[in-house]
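K.L.:
What shape does this take:
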Amino acid sequence: MKRIDRIYQQLEEKCDTLTKDQLLDREGFSANELADDLEMLRNNVSLELNNLVRLGKVIKIKKRPVLYIPRDTVKKNYGYIIDNTILDIPSLKELYQAKEKADIDKDEDPFSLLIGSEGSLKKLTSQAKAAVVYPPRGLHTLILGPTGSGKTLFAHMMHNYAIYMKRMDKDSPFIVFNCADYYNNPQLLISQIFGHAKGAFTGAENDKQGLVEKADGGILFLDEVHRLPPEGQEMIFYFMDTGRYNRLGETEKRRQAQVLIIAATTEDPSSSFLQTFLRRIPITITMPSFHERQTREKVDLTKYLLSKEAKRIHKNIKVNEDVIKALIGSVTFGNVGQLKSNIQFVCAQGFLDSMDSPYVNLYVKMLPEEMKEGLSLISRNARENEEISNYVGKVTVITDEGTKELVDDDVYELPFDMYKIIEDKASLLKQENVDPAEINRFVATDIKLHIKSFYQQVTKRPNMKLSKLVDGRVIDLAEELRSLAESMLNKTFNDKFLYFISLHIDGFLKRKNRLSAGAPTSYERLVDENEPEYQVALKMKEMIEEKLRVRLPKVEVMYLAILLVSANELNQKGKVGIVVAAHGNSTATSIVNVTKELLGDYNIQAVDMPLDVSFKVVLDEIVSVVRKVDRGEGVLMLVDMGSLYYFEEKIGEKSGIEVKAVDMVSTPMVLDAVRKANFLDMDLKSIIASLRNPQNSVEEEIIQVSKNRGKPKAILTICSSGQGTAKKMEELLRTFISDITDEEIHIIPISVIGMNQTVQELEKKYTIIASIGVRKPKVNAPFISLEHFIEGEGQLTIEQAIRNKHIQIKNGKSGQSDKIVRGLCEDSLKMMLTYLNPYRAISTLLHFCDNLQKEWDVHFKNTTTLRVVVHSAFAMERAVRGEVLHYSNPVTDEKRAVLARVRNASQVIEKEMNIQLPEDELFYLVDLLQDEFPDRLQKAKSVEAD
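P.N.:
Numbers count the residues shown, from 1 in each chain. A predicted model of the protein is given here:
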């Protein structure tokens, strides 16, 4: 054991022998005491203790003598009372007593501390409070929202509110677990949540307590819960139903725990979860993105995050109005998390420039180019630009007064003291007589790398997968276009919007005769030029032309406008209208109010029927309300008595809308209906079947199958125009389907404009077996989203859909077709390769990918294969030209172990193409594989070491 490790272990053991109160009185141990115990020189012990302080593992207590205590020991005994960036304190006891007093004095609703609690978060906080206090132990909750929108903070506030309302003890646990950390190993993921018994799997040498057990009496927060495999979802919903569970490897569910589950995801719940899992979660809260926030809230969030930095720096910050605009405008994929990262970088630069000044000055010239682009974006939106100017002065002075820490363990908090690093490095360089300008450049670059590295660990950009198919500058531009559209239209566009607009622009750039392309005649007046979407499309055209130095024909503006309109429709889920009608003065209203309180706003209306009001008046009111809630998908009427149930046809005739009624309405029934319409995206027919009698829907399906027998089969590919992207999907699908079956399946590209009407016409001629694209059509067949299709995850879904229609699969072809990934790779290599034959190279490179997968027993997604193929193809071209891409990153023993296996797999390239890849090129492939499969490769290394 190294000296530093022996000293840390001794300090930890000495602290562990003391009770919580004894440790508080003693506060730690001195270097002399540890030196005597370990029979080492005091100077050596003191040196290593200070190294441990700098590493953040030990806290220094500045007394006489100086004392030391492990940071983990403080957390374990006293909670998060010391910020991760603080390395030394004057007294542990005084700090703890001050925290205790603050807790006693604090009698404030935790949600009131959130910026936006009376604005964009008002309804959300009402839902959260209802979930926490609902008897007997609260309601399990799903929080939806994009990366960095504050889902974890909101879950923390729910826990704080439960303590505030005395629904949970002050010391009740709040356990956070990110399911993405183990998504490549479902067995280990489930083991983390529920624990495992000894011998449950290879490597399970002892019994292990799970997070459910640790969270007993409190809250278990499951972040990125869409990564939970189906068997894990089943175990969770059984636990939610019964409170019982078993560890992995145990056969009987004898264990019990009282845990409130709060789950969070960035994904569409209807496509990421089992329906049985969703039914167990009665509350769904949707966090707004940064661009959905009110302008005042954006300004307040920026000021709050700046004040936190002022507190760290111990200086006031003077910030120019345009800097605040630039910070707000530069937020794209990361929401509040990205805003925090940008602010920390700007403050670091300002601190470096103002080390000899009593304050830190932030001005536009110091901003990096990507943040200056944020100012340009805001200036294009006259309304928001003016509102921000109204809320801030030309120069705003930010102090640390009134800054409150909302949570103790913020995932977006830097784990190091950034300003201490700046001071130390600047001081060291000054001693070496380095030029001040060079000091600034060096330290600024170093800090930027620190911050970037940290934020890459806590958040992933949604376009990482797409970047393997589309040029990076196009993706960056697409994110800016999304920010512009969100700002000008005051709405959110999800990652599907990014996928489509990136692919569309990329397709335009590769198109020959760009300016001569014309829109179909039927598209010429689809979006009126006075519509806001068309005006935004004009601004997007300006930005595309400026960034990419191309000219866009007028038809492209129309396509962009169509995309904005269809993307808006794409974001609207559950368009089936719901009307609740019940006898009494307020029965229906009460049910609807409870539903909205628990599930949020939805397209649902109440009709109360007082007994002294004539039936004709009531009927007219119902017809009026039915028209109000109709969104083109029909209206579900939930009634309390059979009389109204028998009038559904008459109401339908009078309103001109498809109406279906279910009687014996109750609050649970309404909650179930809204959940199915809103979150499961079920159509009217499916909701009716599930509410009335599941057997009915089975019989209807049997009838439908018999009707469809004899019709030709078809798969729909859907994009905004029915042209570029849909056509490309058609091409890839044809090669894939021909590889797995000889039966004819038609591939039909369609547009999202008038999609459902087109689908109705197609269903008369074809049996639709699946659909793929940017929006789910109203058809009883599996839907594969564009991103899942690109990644290759939809391949098995397509094959299963074909099997379900009793279509013969070729022998030995099940699940083995590489046609889609081959098509993607060929498209890329045809454009990139100069010397090599792309058709010959692709077979060799796919063979190379197969070898790599066998080496580590892993499965490559399409995007991983494409990434390996493209890099290797360029490496082969460089080898042919006699050029070498030199590897400059550190080379560890672990990398060398992986390199040996990569070289082994690459022998096929030497054998089939007579090209040997240099070691430097292979090291870049090692980095790529470690990025894609960090746990798998690390595990393989450990096994080799053993």
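K.L.:
Look up how far residue 542 lies from residue 484.
P.N.:
According to CB to CB, to the nearest Å, residue 484 and residue 542 sit 10 Å apart. Placement of C-beta: from N, CA and C, glycine included.
K.L.:
More neighbours: the two, which one.
P.N.:
Each of residue 484 and residue 542 has its neighbours counted (other CB atoms under 10 Å); residue 484 has more, 22 against 12.
K.L.:
which non-adjacent residue is nearest that one?
P.N.:
Closest residue to residue 484 apart from its sequence neighbours, by CB to CB, 6 or more residues apart in numbering: residue 377 at 5.7 Å.
K.L.:
Neighbours of that neighbour, how many?
P.N.:
A count of neighbours around residue 377, defined by other CB under 10 Å, yields 26.
K.L.:
Give the burial count for residue 841, as a bare number.
P.N.:
Look at residue 841: counted by other CB under 10 Å, it has 24 neighbours.
K.L.:
any idea which element it lies in?
P.N.:
Residue 841 belongs to helix 838-856 when elements are defined using DSSP states H and E.
K.L.:
same thing with residue 798?
P.N.:
For residue 798, the host element (DSSP H and E) is helix 795-804.
K.L.:
Quick one: end-to-end distance for stretch 208-225.
P.N.:
With CA to CA, to the nearest Å as the measure, the ends of stretch 208-225 fall 22 Å from one another.
K.L.:
meant to ask about stretch 112-132
P.N.:
For stretch 112-132, the first-to-last residue distance is 16 Å (CA to CA).
K.L.:
Centre of the chain to that stretch, how far?
P.N.:
Centre-to-centre, stretch 112-132 and its host chain are 21 Å apart (CA atoms, centre = their mean, to the nearest Å).
K.L.:
can you pull the buried residues of it?
P.N.:
By neighbour count on 16 or more other CB atoms under 10 Å, the buried set for stretch 112-132 is 114-117, 120-121, 124-132.
K.L.:
Repeat that for stretch 37-45.
P.N.:
For stretch 37-45, by 16+ other CB under 10 Å, it's 40, 45.
K.L.:
Alpha carbons of that stretch, as CSV, please.
P.N.:
Taking Å, rounded to 0.1, in the frame of the first residue of the first chain, the C-alpha atoms of stretch 37-45 are listed here in CSV:
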residue,chain,number,x,y,z
ASP,A,37,0.6,5.7,15.1
LEU,A,38,2.3,4.8,11.8
GLU,A,39,5.9,5.4,13.0
MET,A,40,6.6,7.8,10.2
LEU,A,41,8.2,11.2,10.1
ARG,A,42,5.8,14.0,10.9
ASN,A,43,6.9,16.0,7.8
ASN,A,44,6.1,13.1,5.5
VAL,A,45,2.6,12.6,7.1
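K.L.:
Now do that stretch: everything it contacts.
P.N.:
Residues from elsewhere that reach stretch 37-45 (CB atoms under 8 Å, 6 or more residues apart in numbering): 3, 6-7, 10, 14, 31-32, 34-35.
K.L.:
Please, a ChimeraX command that selects the buried ones among these?
P.N.:
Only the buried entries of the contacts of stretch 37-45 go into this ChimeraX selection, using 16+ other CB under 10 Å:
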select :7,10,14,31,34,35
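K.L.:
In helices, which of the contacts of stretch 37-45 appear?
P.N.:
Using DSSP state H, the subset of the contacts of stretch 37-45 located in helices is 3, 6-7, 10, 14, 31-32, 34-35.
K.L.:
which of those lies closest to residue 619?
P.N.:
For those, the residue nearest residue 619 by CB to CB is residue 14; the value is 81.2 Å.
K.L.:
Please name the residues that touch the residue nearest the centre of the chain.
P.N.:
For the chain, the residue sitting closest to the mean C-alpha position, by CA atoms, centre = their mean, is residue 266 at 3.6 Å. Contacts for residue 266 were tallied using CB under 8 Å, 6+ apart; they are 144-147, 224, 226, 462.
K.L.:
just to revisit the earlier point, please work out the average pLDDT along the helix holding residue 841.
P.N.:
Mean pLDDT, helix 838-856: 85.
K.L.:
still on that earlier bit, got CSV for the contacts of stretch 37-45, with distance to residue 909 too?
P.N.:
CSV is the format used below for these (distance: CB to CB, whole Å):
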residue, distance to residue 909
3, 47
6, 48
7, 50
10, 53
14, 57
31, 57
32, 62
34, 56
35, 58
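K.L.:
so which of the contacts of stretch 37-45 would you say is closest to residue 137?
P.N.:
Nearest to residue 137 among the contacts of stretch 37-45: residue 14, at 40.5 Å, using CB to CB.
K.L.:
State the pLDDT value of the closest residue in space to that closest one that isn't next to it in sequence.
P.N.:
With sequence-adjacent residues excluded and distances taken as CB to CB, 6+ apart, residue 14 is closest to residue 29, at 5.5 Å. On pLDDT, residue 29 comes in at 94.
K.L.:
Next one: residue 29 relative to residue 684, how far apart?
P.N.:
70 Å.
K.L.:
repeat for residue 618
P.N.:
Distance from residue 618 to residue 684, by CB to CB: 23 Å.
K.L.:
Of the two, which one has the most company?
P.N.:
Between residue 618 and residue 684, counted using other CB under 10 Å, residue 684 has the larger neighbour count: 20 against 17.
K.L.:
Just want the phi and psi numbers for that one.
P.N.:
Main-chain torsions, residue 684, degrees, to the nearest 10: phi -60, psi -40.
K.L.:
wait, doesn't it sit right on residue 636?
P.N.:
Yes. With contact defined as CB atoms under 8 Å, residue 684 counts as touching residue 636 (6.1 Å).
K.L.:
any residues in contact with both of those two?
P.N.:
Common contacts of residue 684 and residue 636, defined by CB under 8 Å, 6+ apart, comprise 576, 660.
K.L.:
Not counting its neighbours along the chain, what's nearest residue 125?
P.N.:
Spatial nearest neighbour of residue 125, excluding adjacent residues (CB to CB, 6+ apart): residue 111 at 4.4 Å.
K.L.:
just for the stretch 401-550 of the chain, where's the confidence low?
P.N.:
Scanning the stretch 401-550 of the chain for pLDDT under 70 picks out 401-422, 424-425, 432, 439, 442-470, 494-496, 499-500, 503, 507, 510-527.
K.L.:
Three-state assignment for residue 170, please.
P.N.:
Three-state call for residue 170 (DSSP: H, G, I helix; E, B strand; the rest coil): coil.
K.L.:
if you skip the residues just before and after it, what's nearest to it?
P.N.:
Using CB to CB, 6+ apart and skipping residues adjacent in sequence, the residue nearest residue 170 is residue 163, 5.7 Å away.
K.L.:
Now do the contacts for the one you found.
P.N.:
Residue 163 is in contact with 169-170, 172, counting by CB under 8 Å, 6+ apart.
K.L.:
where's the dip in pLDDT among the residues you listed?
P.N.:
Among the contacts of residue 163, residue 170 has the weakest pLDDT, 86.
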